[in-house]
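Undergrad: Quick one: sequence plus predicted model below, questions after.
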Amino acid sequence: MSLSRMLAESDGSISKKKPEQPHNRRKTDREEPQEEQTKPEISPIESFSDKIRLKLVEKVGDAMSDSSLDESEAAQSDLRIKVTAELNNLISSDNIPLDDDERKRIIGEVTNDVLGYGPLEALLDDPSVSEIMVNGPDSIYVERNGKLTLTDIRMRSESQLRQIIDKIVSSIGRRVDESSPLVDARLADGSRVNAVIPPLAVDGSTLTIRKFSKDGLTAFDLLEKGAFTAEALKFLQAATKGRLNTIVSGGTGTGKTTFLNCLSSFIQDGDRIVTIEDAVELQLKQHHVIRLECRTANIEGKGAIGTRELVKNSLRMRPDRIIVGECRGAEALDMLQAMNTGHEGSLTTLHANTPRDALSRIETMVLMTGFDLPTRAIKEQMASAVDLICQLTRLRNGRRVVSHITEVTGMEGEKLALNDIFTLNYDMLDANGDPTLQPSGIVPSVAEKISHHGGHVDGQWFVPTVEGL
């Protein structure tokens, strides 16, 4: 007899002992099937896994929770070997008949639970998965090649999901609870993590992990994927070396951080670079890099340090360049002032759909400072500070591409003047039927500034192809 059937009959027998009430039998008949649905059967393998998990924690729990444990890959590998050996001993001692597949499954599940992130470990190890979206213990989606698909992976319960979230955020000294029910964090490899728990998440805890490639995509990798053309890449390389202040703009999931990493790879190794991020994601290869990370408030609601405070402080750190992971508030004013006061070649990202929308967003964010600044004064600041806007977009097939490379040339009356250097041409398609990035035919005015800083600009980069004329 199944566990759910036994529980249902037990509940039925209890209800018979209650005093007779009108329509009592009809109510019992109606509720009994619901009770049977809410108590699913537990498979023998799952029951045995739970039992082994508890025994393992009793055996090696102290070793796993030792704060002095070395977090290097070698130390973690040794711990995994120790845990696997102990699991084999525990399974053998119970004399439960298991075939090889069942034994491997139990060892894998329990090891991932106690040392890793449970069922998510398989997805984290899958190089084809770029994003993991957990909408609850029974609904886990992934992104592959820009497309979302529902997986057949499930968690045991909401409790297991909460344990995974707690393990992730506690590893970087952050917390998530009812008083602070949302948090941004990162994994050891730099992957971005966002978690929201009840009461904000109405249907249960949600977890979003944007994975980072272990090796990181280079500019030449993006070139091979068709994100831009060779001419556009040469210009971007010259623009970064030529110390142009650049904004990377795009919607969610268009690859802004990856693109920012690629641009930063062109910075000379001798420059002193200060990076400022909500959660550390940038992977700069230069030696002279200072990484700053925002801090959330403590349990008393104090001690929060935001992007704006870090941008202000970075100005006292003698940076050659400042890289802000994302501008989303009043820090935009401090970023503009930094670009205007000798920190040329600074980089940042923001959310916007077009280059002109990006400038409008900066204007809005500057107004969020609370200062009553004239609109024209803000625009003049932007015209002086911002040299280049790189707009990213996602095509219908999920590919991430550069749609615009636009320079800011100054003011025309009350409007900022923009000049498209490269744009996505929907009339010229590649072999896959996707639009291609084409030059506009205009040599950018920033070429003089690039040359002044030792860069080289070739006029042939901006000559459109015959089909585009």
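TA: Cool, got the structure. Numbering: from 1, shown residues only.

Undergrad: From residue 330, how far out is residue 370?
TA: 8 Å (C-beta to C-beta, to the nearest Å). All C-beta spots, glycine's among them, are computed from the backbone N, C-alpha and C.

Undergrad: what do you get for residue 444?
TA: Counting by C-beta to C-beta - residue 444 and residue 330 are separated by 31 Å.

Undergrad: before we move on, what about residue 113?
TA: For residue 113, the distance to residue 330 equals 43 Å [C-beta to C-beta].

Undergrad: Likewise for residue 389?
TA: Residue 389 sits 21 Å away from residue 330, going by C-beta to C-beta.

Undergrad: picking that back up, between residue 444 and residue 330, which is the more surrounded one?
TA: Ranked by neighbour count (other C-beta atoms under 10 Å), residue 444 and residue 330 place residue 444 first, with 25 against 19.

Undergrad: Could you tell me whether the more buried one really is in a strand?
TA: No: counting by DSSP: H, G, I helix; E, B strand; the rest coil, residue 444 is not part of a strand but coil.

Undergrad: How about residue 219, nearest residue that isn't a chain neighbour?
TA: Take residue 219 and drop its neighbours on the chain: the residue closest to it by C-beta to C-beta, 6 or more residues apart in numbering is residue 262, 4.2 Å away.

Undergrad: With residue 429 instead?
TA: Nearest residue to residue 429 in three dimensions, chain neighbours excluded: residue 435, at 6.2 Å (C-beta to C-beta, 6+ apart).

Undergrad: wait, doesn't that neighbour sit right on residue 423?
TA: No: under the criterion of C-beta atoms under 8 Å, residue 435 makes no contact with residue 423, lying 9.5 Å away.

Undergrad: Identify the spatial nearest neighbour of residue 142, chain neighbours not counted.
TA: Closest residue to residue 142 apart from its sequence neighbours, by C-beta to C-beta, 6+ apart: residue 129 at 4.8 Å.

Undergrad: Can you check the pLDDT for residue 313?
TA: Note on residue 313: pLDDT of 94.

Undergrad: Tally up the residues packed near it, please.
TA: Neighbours around residue 313, by other C-beta under 10 Å: 14.

Undergrad: can you map out the helices along the stretch 301-450 of the chain?
TA: Assigned by DSSP state H, counting those that start in this stretch, the helices in the stretch 301-450 of the chain fall at 307-314, 331-340, 355-367, 375-385, 447-452.

Undergrad: Can you tell me which of those is most buried?
TA: Neighbour counts (mean count of other C-beta atoms under 10 Å) averaged over each of the helices of the stretch 301-450 of the chain peak at helix 331-340, with a mean of 23.

Undergrad: number of nearby residues for the residue nearest to residue 142?
TA: Residues lying near residue 129 (other C-beta under 10 Å) number 18.

Undergrad: Going forward, count from 192.
TA: All set: I'll call the first residue 192, so the last point we hit is now residue 320.

Undergrad: That one is in contact with residue 338, isn't it?
TA: No: applying C-beta under 8 Å as the test, residue 320 and residue 338 come out as separate, 11.3 Å apart.

Undergrad: what helix or strand does residue 427 sit in?
TA: In this assignment (DSSP states H and E), residue 427 forms part of helix 421-432.

Undergrad: following that helix, which helix or strand shows up next?
TA: Downstream of helix 421-432, the first helix or strand assigned by DSSP H and E is strand 437-441.

Undergrad: Show me the contact partners of that following strand.
TA: 430-431, 447, 450-451, 454, 537-543, 545-546, 548-549, 553, 577-584 (C-beta atoms under 8 Å, 6 or more residues apart in numbering).

Undergrad: Give the ChimeraX command for selecting the buried subset of the residues you listed.
TA: Per 16 or more other C-beta atoms under 10 Å, the buried members of those correspond to this ChimeraX selection:
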select :430,431,447,450,451,454,537,538,539,540,541,542,543,545,546,549,553,577,578,579,580,581,582,583,584
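
Undergrad: Quick one: the helices in the stretch 242-391 of the chain, in order.
TA: Under DSSP H, counting those that start in this stretch, the stretch 242-391 of the chain gives helices at 264-284, 291-306, 311-316, 349-361.

Undergrad: where does the protein have its least confident helix or strand?
TA: Ranking every helix and strand in the chain by mean pLDDT, DSSP states H and E puts helix 194-207 at the bottom, with a mean of 40.

Undergrad: okay, the closest residue in space to residue 544 that isn't next to it in sequence: pLDDT?
TA: Spatially, and ignoring its direct neighbours in sequence, residue 544 is nearest to residue 442 (6.4 Å; C-beta to C-beta, 6+ apart). Residue 442 carries a pLDDT value of 92.

Undergrad: swap in residue 539?
TA: According to the prediction, residue 539 has pLDDT 95.

Undergrad: Adjacent strands (with direction) for the lengthiest strand in the chain?
TA: In the chain, taking DSSP state E as the definition, the longest strand is strand 606-620. Strand 606-620 pairs in its sheet with strand 591-603 (antiparallel), strand 626-630 (antiparallel), by DSSP bridges.

Undergrad: Include distance to residue 481 when you put those strands into TSV, please.
TA: Converted to TSV, these look like this (distance: least, C-beta to C-beta, whole Å):
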stretch	distance to residue 481
strand 591-603	28
strand 626-630	34
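
Undergrad: Perfect, that will be all.
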